[in-house]
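1. Sequence and predicted model, in that order:
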Amino acid sequence: MKNGMKVLAGFFLCVFTIATSAWAEEPKKEKNEDKAILGEITVTGTHYNNPITPNDTRYGTQYNTVTEQQIKDQTSYDFKSTLRDVPGVLFQGQNMIGSQTSHSIYIRGRGMSHPAADFTIQFDGAPRYGGLFGQALGAGIAVPMIGSMEIYKSPQPSQFGNGYALIDILPKYMTKEGSEGFFGSSAGSYGTVEENVAAGTKKGPFDLYMAQSFIRTDGSRPHSGADQQSYYGNSGYQINKEWNLRFLFNYVNAGTDAPMPNVNPSRTNGVSLPGAERYETSTIFATVTLNNQYEKFGGFLKAYYNHTDFDILQELTNGIPAAGNTGGTKSRQDLVLSGIRGKEAFHLWPGGEILLGTDLDTTSTKNTDRTYSGLPPIPASINGGLSARIWDFPDTRLISPYAAISQYVGSKDNFHLIPSTGIRYYAHDQFKNETAAQGGVVAGYKTTDLHVNYSQGVNYPTPVALMNFVLQNAPVANASQYWKSLKPETVDHYEAGILHTFPGKGTLGATAFRDDGKNRLLAYMGGPIPAQFNGTVGHYDIEGIELSGTATPIKSLELFAATTWLRSDAVGQNGVERDNLPYTPSFQLQAGFKWAFLENYRLYMDTQHLRGMYQGTASRGGTLNFTPLSPADKLPNITLINARVSRLFDYAPFHMKSSEIFVAMNNITNQNYEYAKGYPVAGFTVFAGVNLRFN
């Protein structure tokens, strides 16, 4: 803890030195074009664009925002890195860019389970993640298509359904009359090259935005390259004053090489060989949305389709091709997520709001293992003579209607009070039904708000929980009786926080929270059939405190910092207790500044510090016990410092406005660090590029 505070103090000492020497003019104010239909109403009427500062809602809850400008300031090349400055959120990987399998993103200690993730990722309000194992397939989300993101770090039944947290990606589209074009390109360390092109128009009732992007890298170590290409379109038509129709389409194709560990593999020290040599992701995503907005009510009806082929190539077992001399195997997950979602908000009396909505989500999943040689992946006598191993999972359907009500009493310029309550019902066709409730209150005076909230989270298993029940030619008698008894995991979430805004000067906030989890589910991945599929004795709790603050000492300089303290405790089915969970750091710091100087120059710097973090997986396969983490699983402390300097320019003859050239540097101190033992991440890297905007 003391070392963390020293890092914070030292960083702000440097920032203060820069601030006292600044004499720049006020930078051009950039408009936030990321407004969503029925966007969440904040209590104070202010939408905070810095990812450090949470936004209070009228339901006693919070969310953080990452804008397009913030993503650009961070020079984020893949989806995971866009989240690096959100308090309580972290990511891990073995490559500079790209996405592999298993878990990789964590929100307040959530996300380290496998299979089946603890939270949901949405794009344009629809699910976009690994539908079988539940992992965050970040390679299927191209950064240049992100307009902004909202991160809900706790269960909020009135805002989303399945999962304990949510990353909601709001896509780009044209919001103002006229036409525009964009070209961006950059290159840097380890053969990294990136380009993206976009064009859009909005005229009368019609708007259209189209974009293409490509990125590739050799990676910072042998066999750690990655590539991604994306094609995107988003169009809309204003039918009349109240109604508009939107259509979105996105195709992404990506691949990530899996590096080998740089130490001798050993289960005793937490290091093992990778499960594949390469991961490839191909996804087609589309939504059709009908929006309405009247004086006293507004909402939407959305249909979505998400088809992903996720290939795990050349699977290995202890360094030897899994199928002996068959040349290795190739495993394909064929994933289809589709459904319909509707939501309407009613404002029928002064200060009141009623939310009504329903989500209908379906999955269709299949997993096939084949060998490169065409020989069976396992002896034909075991596999019924088939040349492939096929897991044909049952289709699933989850219907979750919800309702919430809140009442604003008082005035934002004086005392105000907002009580609220909500409930969501989950009707699942494969697993047991469940109900989740929430209740909250916001009490405030002018720009100070205190929120208190209780909510329940529900986490249904993905189809992989049934894995060895649905393997072809290995049927289990009366299998449905087993998985019909599997209940969703649940959590009771308690939260209280205070947020004060100094108009034009900054913000200061504190949030305390606690999660009590139960009904930990078990996936049948292999071996004998488990005696039970939910833990009735085992439980866990995660509690923490987040502090955040921003300051604008002069108009051209903004400082920001946040700290998160987490404490976790888990008891397995065997009664063994442990006081740590994987990727749940005891202390986390994110801090930085944005500085506009010499009129057209911009400097962005940030730092991330992690301590008390362990590698590992909270496995849902095998038993309902939590696998003990040894001292060998504890990762060294991580401190990263990054910077980006840019120069803005206009060029009237080519209709260029707010264009820029930039240089970005990551891990400036060249720290040697890793998120998994034996897989060091890139040291100092540098990138340079240009972004040209045409209006």
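-> Alright, I've got the coordinates.

2. ok so residue 464 is a helix residue?
-> Yes. Counting by DSSP: H, G, I helix; E, B strand; the rest coil, residue 464 is found in a helix.

3. quick one: contacts for the closest residue to it other than its chain neighbours?
-> Excluding its sequence neighbours, the residue lying closest to residue 464 (C-beta to C-beta, 6 or more residues apart in numbering) is residue 115, at 4.4 Å. Yep, even glycine has a C-beta here, placed from its N, CA and C like the rest. With contact set as C-beta atoms under 8 Å, 6 or more residues apart in numbering, residue 115 has these partners: 132-135, 462, 464-465, 523, 525, 620-621.

4. and residue 115, how far is that from residue 588?
-> Relative to residue 588, residue 115 is positioned 26 Å away (C-beta to C-beta, to the nearest Å).

5. do residue 600 as well
-> Applying C-beta to C-beta to residue 600 and residue 588 gives a distance of 34 Å.

6. The two: which is more packed in?
-> Just comparing residue 600 and residue 588: by other C-beta atoms under 10 Å the higher neighbour count belongs to residue 588, 26 against 16.

7. okay but the more buried one is in contact with residue 637, surely?
-> No. Counting by C-beta atoms under 8 Å, residue 588 sits too far from residue 637 to count as a contact (11.0 Å).

8. Mutual contacts of these two, please.
-> By C-beta under 8 Å, 6+ apart, the residues touching both residue 588 and residue 637 are 609-610.

9. I'd like to know which elements the host helix or strand of residue 181 is packed against.
-> Per DSSP states H and E: residue 181 is located in strand 178-188. With contacts taken as 3 or more C-beta pairs under 8 Å, 6 or more residues apart in numbering; DSSP states H and E, strand 178-188 sits against strand 192-203, strand 656-666, strand 685-694.

10. Reformat the ones you listed as a markdown table; add mean neighbour count, mean pLDDT and distance to residue 407.
-> Putting those into a markdown table (neighbours: other C-beta atoms under 10 Å; pLDDT from 0 to 100; distance: least, C-beta to C-beta, whole Å) gives the following:
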| stretch | mean neighbour count | mean pLDDT | distance to residue 407 |
| --- | --- | --- | --- |
| strand 192-203 | 18 | 97 | 37 |
| strand 656-666 | 18 | 96 | 42 |
| strand 685-694 | 17 | 97 | 44 |
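
11. residues touching residue 98, list them.
-> 78, 139, 217, 225-226, 228, 254-257, 279.

12. Then residue 684?
-> 189, 665-670.

13. Please apply the same query to residue 613.
-> By C-beta under 8 Å, 6+ apart, the neighbours of residue 613 are 583-586, 634-635, 638.

14. Adding pLDDT, neighbour count and distance to residue 503, write those out as JSON lines.
-> Shown next, in JSON lines, are those (pLDDT from 0 to 100; neighbours: other C-beta atoms under 10 Å; distance: C-beta to C-beta, whole Å):
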{"residue": "583", "pLDDT": "93", "neighbour count": "25", "distance to residue 503": "38"}
{"residue": "584", "pLDDT": "93", "neighbour count": "24", "distance to residue 503": "36"}
{"residue": "585", "pLDDT": "95", "neighbour count": "23", "distance to residue 503": "34"}
{"residue": "586", "pLDDT": "95", "neighbour count": "19", "distance to residue 503": "35"}
{"residue": "634", "pLDDT": "94", "neighbour count": "16", "distance to residue 503": "44"}
{"residue": "635", "pLDDT": "95", "neighbour count": "21", "distance to residue 503": "41"}
{"residue": "638", "pLDDT": "97", "neighbour count": "20", "distance to residue 503": "36"}
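
15. before we move on, the earlier item: let's see if you can find the most crowded of the contacts of residue 684.
-> residue 666 (23 neighbours).

16. Identify each buried residue in stretch 398-410, please.
-> 398-406, 408 (16 or more other C-beta atoms under 10 Å).

17. Please convert the residues you listed to a markdown table, extending it with pLDDT, distance to residue 371 and secondary structure.
-> Listed next are the buried residues of stretch 398-410 as a markdown table, based on pLDDT from 0 to 100; distance: C-beta to C-beta, whole Å; DSSP: H, G, I helix; E, B strand; the rest coil:
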| residue | pLDDT | distance to residue 371 | secondary structure |
| --- | --- | --- | --- |
| 398 | 96 | 35 | strand |
| 399 | 97 | 40 | strand |
| 400 | 97 | 41 | strand |
| 401 | 98 | 46 | strand |
| 402 | 98 | 46 | strand |
| 403 | 98 | 52 | strand |
| 404 | 98 | 52 | strand |
| 405 | 97 | 57 | strand |
| 406 | 97 | 57 | strand |
| 408 | 96 | 63 | coil |
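
18. Among those, list the two that are farthest apart in space.
-> 398 and 408 (32.2 Å; C-beta to C-beta).

19. and the helix or strand hosting residue 308, how far out from the chain's middle?
-> According to DSSP H and E, residue 308 maps onto strand 297-313. Centroid separation for strand 297-313 versus its chain: 15 Å, with C-alpha atoms, centre = their mean, to the nearest Å.

20. Repeat that for stretch 236-255.
-> 22 Å.

21. Over to stretch 85-97?
-> Worked out by C-alpha atoms, centre = their mean, stretch 85-97 lies 10 Å from the chain centre.

22. now the end-to-end length of it.
-> 17 Å (C-alpha to C-alpha, to the nearest Å).

23. Adjust the sequence numbering to begin at 354 for everything that follows.
-> Noted, 354 is the first residue going forward, which turns the last one into stretch 438-450.

24. what about that stretch, average pLDDT?
-> In this model, stretch 438-450 carries a mean pLDDT of 93.

25. before we move on, what about stretch 416-435?
-> 95.
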